[in-house]
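Asker: any chance you could fold what I've pasted below:
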Amino acid sequence: MPPLSPSASPSSFPSSFPSYDAVVGALRAAGCVFAEDEAELILAAARTPDELAALVERRVAGLPLELVVGWAEFHGLRIAVEPGVFVPRRRTEFLVTQALAQAPRASVVVDLCCGSGAVGAALASALRRVELHAADLDPVAVGCARRNVAALGGQVHVGDLFEALPGHLRGRVDILAANVPYVPTGEVPLLPAEARDHEPLTALDGGADGLDVLRRVAARAARWLAPGGCLLVETSERQAPDAVKAFTRGGLTTRVAEDEELYAHVVIGIKEAQEPLEGEEPRLKQETG
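Answerer: Numbering: from 1, shown residues only. Next comes the predicted model:
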């Protein structure tokens, strides 16, 4: 569902919308580019005419469509979202795809800065039998994430980055996905109103150059990764070179993957497996076939 920018006042529309055409007309008048698609989703979400009217009014007032209907599509899943929680972006699906390609047999997954838990849920759904942990500083996000990962057996922790994680994960994580905030502070006011006005600042503002949280994650990731484990962080094309430097300083073998269609850039860092000493069992099993 693409970001939209409706501008009309909800008071300019009637109190109930009995038909698809009426809903489409109200949304189109408000500036919704994909009015037909949005109308179908809103009609499906409403259980009564009064609820339908309320949902349309919220959308016309500028509330993101995902928050109006209560979910966002992400990597083939329906992810529950609610006001005050970062809405997962379609470009972040590229991070999930890269993680699965890098570690297709991962058994322990951590989703840091998890927000709604979309990334962790997508990874766990694709990997099937996996130990999933997610963490976020925001208790509202943690509550939402628990709704999304409960059926997958995931655990969600509240706290600041690695401080939130149980100690037994140290040195065991195969995929560490960290969808950190990376908007430079000075550029936050330039974001679309739907993000700026309806999503938590902590999920958007990455500090002066947008890389404050990324650097903190990169500096400590190797301690939590299993040998051969990977850290993946989304960033912008402009920030990627500095992000690579942070990963390298953290002891990770690093590369950048990009998807031009999604305008997505993901920095991937690998904790190289150590060669065993003579007579010592290898720390990673050799894959066959």
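
Asker: out of everything not next to it in sequence, what's closest to the residue nearest the centre of the chain?
Answerer: Compute the mean C-alpha point of the chain, and by C-alpha atoms, centre = their mean the closest residue is Pro88, 4.5 Å away. The spatially closest residue to Pro88, leaving aside those adjacent along the chain, is Ala118, at 3.8 Å (C-beta to C-beta, 6 or more residues apart in numbering). Heads up, the C-betas are built off the backbone N, CA and C, glycines and all.

Asker: with Arg146 instead?
Answerer: Val156 (4.7 Å).

Asker: quick one: the strands in this protein?
Answerer: 71-74, 77-80, 108-112, 131-136, 155-158, 173-178, 225-235, 253-259, 264-270 (DSSP state E).

Asker: find the residue ranges of this structure scoring beneath the pLDDT cut-off.
Answerer: 1-18, 275-289 (pLDDT under 70).

Asker: nearest to Arg28, of the strands of the chain?
Answerer: Among the strands of the chain, strand 71-74 comes nearest to Arg28, with 22.0 Å by C-beta to C-beta.

Asker: correct me, but the residue nearest to Arg146 touches Leu132?
Answerer: No - Val156 lies out of contact with Leu132 (C-beta atoms under 8 Å); the separation is 9.0 Å.

Asker: residues shared between the contacts of those two?
Answerer: Common contacts of Val156 and Leu132 (C-beta atoms under 8 Å, 6 or more residues apart in numbering): Val149.

Asker: what residues are up against the residue nearest to the centre of the chain?
Answerer: Under the criterion of C-beta under 8 Å, 6+ apart, the contact list for Pro88 reads Ala72, Phe74, Ile79, Val81, Gly115, Ser116, Ala118, Val119.

Asker: name the nearest of those relative to Cys230.
Answerer: Using C-beta to C-beta, Val119 comes nearest to Cys230 of those, at 13.4 Å.

Asker: can you get me a residue count around the closest one?
Answerer: By other C-beta atoms under 10 Å, 31 other residues sit near Val119.

Asker: report the contact partners of it.
Answerer: Neighbours of Val119 in contact, by C-beta under 8 Å, 6+ apart: Pro88, Thr92, Leu95, Val96, Asp111, Ala177, Asn179.

Asker: and those residues, which two are furthest apart?
Answerer: Spanning the widest gap among the contacts of Val119 are Pro88 and Ala177, at 12.0 Å by C-beta to C-beta.

Asker: circling back to that earlier point, could you check the distance from the residue nearest to Pro88 over to Ala150?
Answerer: Ala118 is 14 Å from Ala150, where distance means C-beta to C-beta, to the nearest Å.

Asker: more neighbours: the two, which one.
Answerer: A count of neighbours by other C-beta under 10 Å puts Ala118 above the other of Ala118 and Ala150, at 31 against 13.

Asker: wait, that one sits on Arg147?
Answerer: No - using C-beta under 8 Å as the test, Ala118 is too far from Arg147 to be in contact (11.4 Å).

Asker: on that earlier part again, so what's the residue nearest to Arg146 up against?
Answerer: Counted by C-beta under 8 Å, 6+ apart, Val156 has contacts Cys114, Gly117, His133, Ala134, Ala135, Asp136, Val142, Ala145, Arg146, Val149.

Asker: just the buried residues of those.
Answerer: Cys114, Gly117, His133, Ala134, Ala135, Asp136, Val142, Ala145, Val149 (16 or more other C-beta atoms under 10 Å).

Asker: if I look at the third one, how far off is Thr254?
Answerer: As judged by C-beta to C-beta, His133 and Thr254 stand 23 Å apart.

Asker: what's the answer for the fifth one, then?
Answerer: Between Ala135 and Thr254 the distance is 23 Å, computed by C-beta to C-beta.

Asker: for stretch 172-183, buried residues please.
Answerer: Going by neighbour count (16+ other C-beta under 10 Å), the buried part of stretch 172-183 is Val173, Asp174, Ile175, Leu176, Ala177, Ala178, Asn179, Val180, Pro181, Tyr182, Val183.
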